[in-house]
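**Q** sequence and predicted model, in that order:
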Protein chains: 2
Amino acid sequence: MQINIQLIPSPPNPDLLSGRVVVVIDVLRSTSVMTHALSQGALEIIPMATVEEAFQRAKVYPQGSVLLGGEMRNKRISGFDLGNSPREYVSEKVKGKRLILTTTNGTKAFHLVCSGREIFGGSFLNIGAIARRCLELNRDLFIFPSGNEGDFSLEDTLCGGMLIDLIAKEEKKSISLTDASCCAQVLYQKFEDKLLEAFHLSHHGKGLIRQGFEDDLVYCAQIDILDIVPEFKDGVIRVI
Amino acid sequence: MQINIQLIPSPPNPDLLSGRVVVVIDVLRSTSVMTHALSQGALEIIPMATVEEAFQRAKVYPQGSVLLGGEMRNKRISGFDLGNSPREYVSEKVKGKRLILTTTNGTKAFHLVCSGREIFGGSFLNIGAIARRCLELNRDLFIFPSGNEGDFSLEDTLCGGMLIDLIAKEEKKSISLTDASCCAQVLYQKFEDKLLEAFHLSHHGKGLIRQGFEDDLVYCAQIDILDIVPEFKDGVIRVI
């Protein structure tokens, strides 16, 4: 199995996606929110690239069956039902509901990699489940950290590095790492027992703390607490 | 001082270069060759993006005053005087000569960052001299690893990480690191006493070994042996 990770979230070369398992990562906070919301019984999640598209899409479904959630530059969006904190997505609100989500980085990222063979949403919350699924499929893997508005993201790459580390420990002999995968694994090994410290160092983590979302960092730094693999298929994310 | 490093060698946003010190890094092997050649008395180095441009440019100068050097995918170029191994660039050959160099990644990289305020060529060989010059100038710094044909390069990022680490140790309080700079520094700290091991892990290092250039890896892994700062200005690299 070859494992590649694209350190900058520019649109990937389609050759790098074809026939591969793709894992999209937006630790702070969209893939963490998705995983949490599905664990609370949300029916499905529709990731939209823009706020306008989200409002348009919501009109397609019966009133009351859909919730709009997400953020723009960490701020709640006017007219939306929910923000982008995992703790808002409790079963009382989301069970049986379709969620239409739009965020600065994560929801766009799914559309950028839509030509992958399987596309999963990964975070620290479900990293073990994602690693097990990748090992079962045993195909070449392309990890796509969704970054910070086009830039490299420390926390997303760190999470990608943990996925690489978990897989490499299981499949020692048959793994081939690119230079970028090797770098991400080293980054994870540096911070493996201090994820919160890394979040506090990161550009995005600092921004969230400034805006009062420090609790979200604590929640999103929990490792392997949800046995859920969100899969993006035909424009929709569901549990497989 | 803000320190940024661009992990992928796509053309940088000009805003990231404006008013900044830029350090181009191609450890294996072009910035190592340039530093070594200048230490052996080469007059100046003209980095060209293509072989055709190199031949055209050579015609401008009197015969005997110019040497053509470089590689295409690690191979010597037909009609060129020198390849891309530092050990070829001895004073008997290069002293007082103008070198026209073209390589797969490094020589192109200088042209991509030409709007920087000062542009230096960095490698492990001259990393201390580069760090001292950056500290003297005390301006925001943009590090540009030249990569592997558009991809991330382990050894170039590692060298960028060493530059960050040296500067950060001198200027603890007034340094601001981007997420990418933090990642490069972690990568360096992992391999600081085993650079050759990192070269052996890297995609480009493996290719050079396969092609019989293992000695070049050993040479290029030497730290701080040359007190030389190559500066790119008006299309030409000279010692400053």
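**A** Ah, there it is.

**Q** please list the residues of chain A that sit near chain B.
**A** Contact residues (CB under 8 Å from any CB of the partner chain) of chain A with chain B: A:7-8, A:10, A:148, A:151-154, A:157, A:178-180, A:182-183, A:186-187, A:189-190, A:201-204. All C-beta atoms are positioned from the backbone trio N, CA, C, and that covers glycine.

**Q** tell me which of these fall in strands.
**A** Of the residues of chain A next to chain B, none are assigned to strands by DSSP state E.

**Q** how about the helices in chain A?
**A** A:14-17, A:30-39, A:51-58, A:91-94, A:106-112, A:127-137, A:154-170, A:179-191, A:195-201, A:203-210, A:214-220 (DSSP state H).

**Q** can you give me the mean pLDDT across the fourth one?
**A** Right, helix A:91-94. Averaging pLDDT along helix A:91-94 yields 98.

**Q** picking that back up, make TSV from the helices of chain A and add mean neighbour count and distance to B:Leu226 to it.
**A** Shown next, in TSV, are the helices of chain A (neighbours: other CB atoms under 10 Å in any protein chain shown; distance: least, CB to CB, whole Å):
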stretch	mean neighbour count	distance to B:Leu226
helix A:14-17	14	38
helix A:30-39	29	46
helix A:51-58	16	55
helix A:91-94	15	62
helix A:106-112	24	43
helix A:127-137	19	44
helix A:154-170	25	33
helix A:179-191	24	26
helix A:195-201	18	33
helix A:203-210	18	35
helix A:214-220	19	44
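
**Q** of the ones you listed, give the one that comes closest to B:Gln2.
**A** helix A:203-210 (11.7 Å; CB to CB).

**Q** contacts for the closest one, please.
**A** A:28-29, A:74, A:148, A:151, A:153-155, A:198-200, A:214, A:216-217, B:178-179 (CB atoms under 8 Å, 6 or more residues apart in numbering or on different chains).

**Q** what angle separates that helix from helix A:154-170?
**A** If you take axes from the mean of the first three to the mean of the last three CA atoms, to 10 degrees, helix A:203-210 sits at 130 degrees to helix A:154-170.

**Q** average pLDDT across helix A:203-210?
**A** 97.

**Q** and for stretch A:12-28?
**A** Rounded mean pLDDT across stretch A:12-28 is 97.

**Q** go on, stretch A:109-121?
**A** For stretch A:109-121, mean pLDDT is 97.

**Q** distance between the ends of that stretch?
**A** Distance between the two ends of stretch A:109-121: 10 Å, counting by CA to CA, to the nearest Å.

**Q** what separates it from the chain centre, distance-wise?
**A** 11 Å (CA atoms, centre = their mean, to the nearest Å).

**Q** repeat for stretch A:171-183
**A** Distance, centroid of stretch A:171-183 to centroid of chain: 21 Å (CA atoms, centre = their mean).

**Q** ok, stretch A:103-118 next?
**A** 9 Å.

**Q** kindly check the end-to-end length of it for me.
**A** End-to-end for stretch A:103-118, by CA to CA: 22 Å.

**Q** just stretch A:165-178 next, same as before
**A** Where stretch A:165-178 begins and where it ends lie 13 Å apart, using CA to CA.

**Q** again, but for stretch A:171-184
**A** From start residue to end residue, stretch A:171-184 stretches across 17 Å - CA to CA.

**Q** cool, and stretch A:81-99?
**A** The straight-line separation of the ends of stretch A:81-99 (CA to CA) is 10 Å.

**Q** contacts for that stretch?
**A** Applying CB under 8 Å, 6+ apart, the contact partners of stretch A:81-99 are A:29-30, A:32-33, A:36-37, A:40-46, A:61, A:65-71, A:74, A:76, A:103, A:213, A:215-216, A:219-220.

**Q** list the buried residues in that stretch.
**A** A:81-86, A:88-89, A:93-94, A:97-99 (16 or more other CB atoms under 10 Å in any protein chain shown).

**Q** would you turn the helices of chain A into TSV with distance to A:Gly235?
**A** Below are those laid out as TSV (distance: least, CB to CB, whole Å):
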stretch	distance to A:Gly235
helix A:14-17	16
helix A:30-39	14
helix A:51-58	9
helix A:91-94	19
helix A:106-112	8
helix A:127-137	20
helix A:154-170	22
helix A:179-191	28
helix A:195-201	30
helix A:203-210	26
helix A:214-220	25
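
**Q** and B:Leu166, which of those is closest to it?
**A** Closest among these, using CB to CB: helix A:179-191, at 18.6 Å.

**Q** so what secondary structure elements neighbour that closest one?
**A** For helix A:179-191, the packing partners by 3 or more CB pairs under 8 Å, 6 or more residues apart in numbering or on different chains; DSSP states H and E come out as strand A:2-5, helix A:154-170, helix B:154-170, helix B:179-191.

**Q** quick one: closest of those to A:Lys194.
**A** Ranking the helices and strands packed on helix A:179-191 by proximity to A:Lys194 (CB to CB) places helix A:154-170 first, at 10.5 Å.
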